[in-house]
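> Coordinates for the following, if possible.
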Amino acid sequence: MISEKKQTEEKEKKVREIAVPGETIVSGKDYLPGDGTRREGENIVANKFGLVDISGRLIKLIPLSGVYMPRMGNVVIGRIENITFKGWIMDINAPYSAFLQVAECPRFIKGDLKDYYNIGDMLSCEVISVKNSGIDLTIKGRGLGKLEGGIITKINSNKVPRVIGREGSMIKLIKENTKCNIVVGQNGIVWISGDKVEDEIKAREAIEFVVGKSFIDGLTEKVKEWFENKPLKKIVKKTEGKK
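Numbers count the residues shown, from 1 in each chain. Next comes the predicted model:
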């Protein structure tokens, strides 16, 4: 039987390590298998390649690659690619398109739908249904709706948990250091809006840094160091008639 001290040491060692399919992550009946893991006797074993995440007794894996598969309750960012008389067809970076019905808008809509949301508009939406016929969305909810201005960047959807951090700690750190409003969709689409273009670019680069270093330990401290050492980039605007 494994001692409590040894279990604790094993647990601490495995946090944020990379596991491969078939590898034993931790041993002990006190642990529970989460996403990407299974139980084999007293062992919690990896089902796929990913980053070990231990929350109390729950052991799960954060995939490091793969396609975004929508789940009910996910907040995603999508682009309107077509309009029908019933609503808007949206690209949410999934294997198939999603649909936002008129009835799922927070206000009464009548007349030409493009007067409200047009092709090319970016919206923050919640997934309310996933079925064989497609994905249904809503924008009834706090923080949902049209995203105006700012910049859009894309990341691997499996890196979203690292960008958000535990209880939102990582994205909060990035917001505080860039003074930007940031929405991270579970589908890997990120919207960044700040008072200055320089701030938006800095936020995007910080997110790219997190994505690139997502497999390392002590990432929060690394990001803090990155902000401390990051030189400020100035956007030079050309003025006509001046050399």
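> Assign the most centrally placed residue in the chain to helix, strand or coil.
Nearest to the geometric centre of the chain sits residue 160, at 2.9 Å (CA atoms, centre = their mean). Put simply, residue 160 is helix when judged by DSSP: H, G, I helix; E, B strand; the rest coil.
> doesn't residue 183 make contact with it?
No: with contact defined as CB atoms under 8 Å, residue 160 does not count as touching residue 183 (11.5 Å). Where C-beta positions appear, they are placed from N, C-alpha and C, glycine not excepted.
> Now for residue 82: which residues touch it?
Shown in contact with residue 82 (CB atoms under 8 Å, 6 or more residues apart in numbering): 88-89, 119.
> Would you agree it falls within a strand?
Yes: assessed by three-state DSSP, residue 82 belongs to a strand.
> measure it to residue 118 for me?
From residue 82 across to residue 118, the span is 11 Å (CB to CB, to the nearest Å).
> What of residue 149?
Residue 149 sits 16 Å away from residue 118, going by CB to CB.
> Which of these two has more residues huddled nearby?
Ranked by neighbour count (other CB atoms under 10 Å), residue 149 and residue 118 place residue 118 first, with 13 against 10.
> Not counting sequence-adjacent ones, nearest residue to that one?
Nearest residue to residue 118, sequence neighbours excluded (CB to CB, 6 or more residues apart in numbering): residue 80, at 6.7 Å.
> Give the bridge partners for that neighbour, please.
residue 90 (DSSP bridges).
> neighbours around it, how many?
21.
> now the one 5 residues further on
By the measure other CB under 10 Å, the count of residues near residue 85 is 6.
> Low-confidence ranges, the protein, go.
1-16, 63-66, 133, 231-243 (pLDDT under 70).
> contacting residues for residue 33?
39, 44, 59-60 are the contacts of residue 33 under CB under 8 Å, 6+ apart.
> Would you mind writing the CA trace of the helix ranked longest in the chain as PDB?
Criterion DSSP state H: the longest helix present in the chain is helix 197-212. Extracted in PDB, the C-alpha atoms of helix 197-212 (Å, rounded to 0.1, in the frame of the first residue of the first chain):
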ATOM      1  CA  VAL A 197      -3.200  49.000 -30.700                       C
ATOM      2  CA  GLU A 198       0.000  48.500 -28.900                       C
ATOM      3  CA  ASP A 199      -1.900  47.100 -25.900                       C
ATOM      4  CA  GLU A 200      -3.800  44.700 -28.100                       C
ATOM      5  CA  ILE A 201      -0.700  43.500 -29.800                       C
ATOM      6  CA  LYS A 202       1.000  43.000 -26.400                       C
ATOM      7  CA  ALA A 203      -2.000  40.900 -25.200                       C
ATOM      8  CA  ARG A 204      -1.900  38.800 -28.300                       C
ATOM      9  CA  GLU A 205       1.900  38.200 -27.900                       C
ATOM     10  CA  ALA A 206       1.300  37.200 -24.200                       C
ATOM     11  CA  ILE A 207      -1.300  34.700 -25.200                       C
ATOM     12  CA  GLU A 208       1.000  33.300 -27.900                       C
ATOM     13  CA  PHE A 209       3.700  33.000 -25.200                       C
ATOM     14  CA  VAL A 210       1.400  31.000 -23.000                       C
ATOM     15  CA  VAL A 211       0.400  28.700 -25.800                       C
ATOM     16  CA  GLY A 212       4.000  28.100 -26.800                       C
END
